[in-house]
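Colleague: Build me a model:
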Amino acid sequence: MGNVIFDMSMSLDGFIMAAGATPDEPLGKGGERLHDWAMSGDSTNDELMAGTLAEAGAYICGRRTYDDSIRWWQADGPTGPARVPLMVVTHQGPETSPEGGVYTFVTGGIEGALRQAREVAAGKDIYIMGGPDIGAQYIKAGLVDRIGVHVVPVLFGGGVRFFEHIAGDHIELEVLSVHDTPSATHLLYHVAK
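Modeller: Purely as a prediction, here's the structure:
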């Protein structure tokens, strides 16, 4: 069975979203800067992205991420032509969704989404993406095996913090890998259980 990995990009001062979010800039003013590393053309970044896509059997996100991103993702989802299935945790599915899309809307909570993701992942890794709230829910439930952080050399000074919803919890981590590039430092941790 693959690992469950909570994976996100973050500013050096701990934000996964800059202040001033709007429908046109759901990651806040300048927040897209957090994803520049994925399209930088740097060989290490490209290898990490290719490895993630090769290992990913399914993704999980929350409804807010889906709503904020669907106009860019369209039917293929966040992985584009790779078309990796995406479970969307929601209280209620949308009225419409792209025909032939990779989306499954799960109203059975985080455990239900993970169960469905495991069914389609066929033993590959499952990535939790999109927001700190859903990641924190999985971490607090003891369902995350690894945490990936892509630290981008930028200071936002405000916005939404990566681990804002973990307050009060003490979680031991073990370093699995560190890859440093000019556009991001990529950290992968094992969650000690």
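Colleague: dump the residue contacts of the residue nearest the centre of the chain.
Modeller: Against the mean C-alpha coordinate of the chain, by C-alpha atoms, centre = their mean, the closest residue is M129 at 1.8 Å. Contacts for M129 (C-beta atoms under 8 Å, 6 or more residues apart in numbering) come out as F6, D7, M8, Y59, I60, C61, T65, P78. Quick note: C-beta positions are derived from backbone N, CA and C, even for glycine.
Colleague: what do you get for V120?
Modeller: By C-beta under 8 Å, 6+ apart, the neighbours of V120 are G57, A58, P85, T104.
Colleague: can you check I70 too?
Modeller: S97, P98.
Colleague: Let me know the helix or strand that the residue of the chain positioned farthest from its centre is in.
Modeller: In the chain, counting by C-alpha atoms, centre = their mean, E95 sits farthest out from the average C-alpha position, at 24.1 Å. Assigned by DSSP states H and E, E95 falls within no helix or strand.
Colleague: Distance from the chain centre to the helix or strand that contains S69, please.
Modeller: Here S69 sits within helix 63-73, counting by DSSP H and E. Between the centre of helix 63-73 and the centre of its host chain there is 13 Å, according to C-alpha atoms, centre = their mean, to the nearest Å.
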